[in-house]
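Visitor: A structural model of the following input is requested.
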Amino acid sequence: MDDGNSWIGIVLFAASVILFAVMYGFGAAVQALNTSALEDERDEGNKRAEKLLKIQEDPYLFIRTNQLATSILTLAMGASSLAFVVKKLTALIGTHTQIPHPAAVGIAYIAGLVGIAFLLTGLGIVIPKRIAAKSPIRFCYKVLPLVELVTKCLFPFAWLMDQFAYISLKTVGIDIREKDDNVTEEDIMYMVNEGHEQGVLEASEAEMITNIFEFDDKVAADIMTHRTAVIALDGEMTLKEALDFVVKEANYSRFPVYSEDIDNIIGILHMRDMLHYTDSKDHLNTPIAKIKGLLRSPHFIPETKNINALFKEMQSQKIHIELVVDEYGQLAGIVTMEDILEEIVGNILDEYDKEEPDIVSRKNGTYELTGLTLLDDVEETLGVEFDKEDKDNFDTLNGFMVSRIGHIPKVGEKGSVRIGDYLLKIMKVENKVIQTVLAIPLPKEKSGTEAKNGNEMNEKTDRKK
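Guide: This is a model prediction of the structure:
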């Protein structure tokens, strides 16, 4: 290639890179366009905004011509520069080394391909993508005339390419023009994950969409407040005692009321109803179970009630609290409308709620966990793995620890259990439930000794029974 042709090749290469960058950057920018902003500008008479909206609504033509343009430009860049680069590198290698000519040509080809690919990736993909992402609308406005020109020039060839693909696939029984309108849950979840990874969807938005799809798979037992955490009132409490307790000790507006024990729920007490009855001094010293019209009828559901159906039922019947009973008719827990909504939007906190995480990381590498931490969360945080049998039998760390220790620990008891490379040490027990567990990492070189000590602690605990 002589000097004249060399300059032509360099100019053609540079032009190809610039055009490639424009087409690729425009494609990236179109995906990041703010539709609402474009619609506002279109309403103000902006023709470029109107054209961009049309591309967003029907991107088929642009996608096909863009693919064809980038393919042609890639070939053009290779054809215009590779021979020149190989010739120069071969001469350079032959001048400064003793490498045989055939080997020098091979090395020159590899180096030329790597160099061209590097330039194409940097100048044609990475840089325009960054520029387009910074201000997609502005970028599209600037390059739109050039993109339109390329699209018009290549449209006939893109159409021929489509026809060739259609005829070729038709011969083997595939009709690409048949539209499949069946969009599966997997398809949508794939798009959600892709959107999140590309930054189109925020993490909270992706999580909410995921929660909606998982919503129908859950039952009341999965979201209920367990009976041990339920605040219920004894029906023998006087109205004054109940009012004092509710105002000073609780932050809720509705309370189950029981007779004799919590498995015998006789009604639901609403704060508003209670205040209404305090107008009469005769009621203040009367047991709440004996005040006619004070308690509302309780609603009972099984643990296996689907929460989607439950949500619709609570909406239609204007129920705010449901009592969950197990197969033996005993109270398993309660479900409120807030519990159901939290399965979609996450925790809903008011000004009285204190959000206390189940797992707290300490600076020394240990973790403080509550006894009610789910085993799945323990696995994710500590990088450990529970046996399938344990996960089938227990939901929480408390259940796992109790099963390993072999008895319900007493207040002040300090047993421990090893799981993976961690020693789980009981720190606090209340109401027959392990409240706090400390996860201590075991040094690998001492893990055997530490595990032995942990087992000895378990054995000592067992002997105390």
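
Visitor: tell me which stretches of the stretch 351-465 of the chain form strands.
Guide: 359-361, 367-370, 416-419, 422-430, 433-441 (DSSP state E, counting those that start in this stretch).

Visitor: revised request: answer the last question for the stretch 201-350 of the chain.
Guide: Using DSSP E, counting those that start in this stretch, strands in the stretch 201-350 of the chain cover 225-226, 233-234, 254-259, 261-270, 300-302, 321-325, 331-336.

Visitor: how about stretch 393-403 as PDB, C-alpha atoms only?
Guide: What follows is stretch 393-403, C-alpha atoms only, in PDB (Å, rounded to 0.1, in the frame of the first residue of the first chain):
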ATOM      1  CA  ASN A 393     -37.700 -29.000  60.400                       C
ATOM      2  CA  PHE A 394     -36.800 -25.500  61.500                       C
ATOM      3  CA  ASP A 395     -37.300 -22.000  60.200                       C
ATOM      4  CA  THR A 396     -35.300 -20.100  62.700                       C
ATOM      5  CA  LEU A 397     -31.900 -20.200  64.400                       C
ATOM      6  CA  ASN A 398     -33.600 -20.800  67.800                       C
ATOM      7  CA  GLY A 399     -35.200 -24.000  66.500                       C
ATOM      8  CA  PHE A 400     -31.900 -25.200  65.100                       C
ATOM      9  CA  MET A 401     -29.900 -24.400  68.300                       C
ATOM     10  CA  VAL A 402     -32.500 -26.100  70.600                       C
ATOM     11  CA  SER A 403     -32.400 -29.200  68.400                       C
END
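
Visitor: from the chain's centroid, how far away is that stretch?
Guide: Stretch 393-403 sits 26 Å away from the centroid of its parent chain (C-alpha atoms, centre = their mean, to the nearest Å).

Visitor: renumber starting at 98 from here on
Guide: Shifting the count to begin at 98 puts that one at stretch 490-500.

Visitor: any idea of the mean pLDDT for it?
Guide: For stretch 490-500, mean pLDDT rounds to 90.

Visitor: who's in contact with that stretch?
Guide: Stretch 490-500 has contacts (C-beta atoms under 8 Å, 6 or more residues apart in numbering) with 466-472, 475, 483, 487, 505-506, 512, 514, 521, 523, 530-531, 534. C-beta coordinates here come from the backbone N, C-alpha and C atoms, glycine included.

Visitor: now these: which count as buried?
Guide: 466-470, 472, 475, 483, 506, 512, 514, 521, 523, 530-531, 534 (16 or more other C-beta atoms under 10 Å).

Visitor: so which of these is the closest to Asp360?
Guide: Val530 (18.6 Å; C-beta to C-beta).

Visitor: contacts only, for the residue nearest to Glu311 when sequence neighbours are not counted.
Guide: Distances taken as C-beta to C-beta, 6 or more residues apart in numbering put Glu440 closest to Glu311, at 7.9 Å, once the chain neighbours are dropped. Counting by C-beta under 8 Å, 6+ apart, Glu440 touches 308, 311-312, 315, 320, 404.

Visitor: most neighbours of all those, which one?
Guide: Tallying neighbours with other C-beta atoms under 10 Å puts Ile404 at the head of the contacts of Glu440, with 23 neighbours.

Visitor: so what pLDDT did the nearest residue to that residue once chain neighbours are set aside get?
Guide: Nearest residue to Ile404, sequence neighbours excluded (C-beta to C-beta, 6+ apart): Lys315, at 5.0 Å. Each residue has a pLDDT score; the one for Lys315 is 88.
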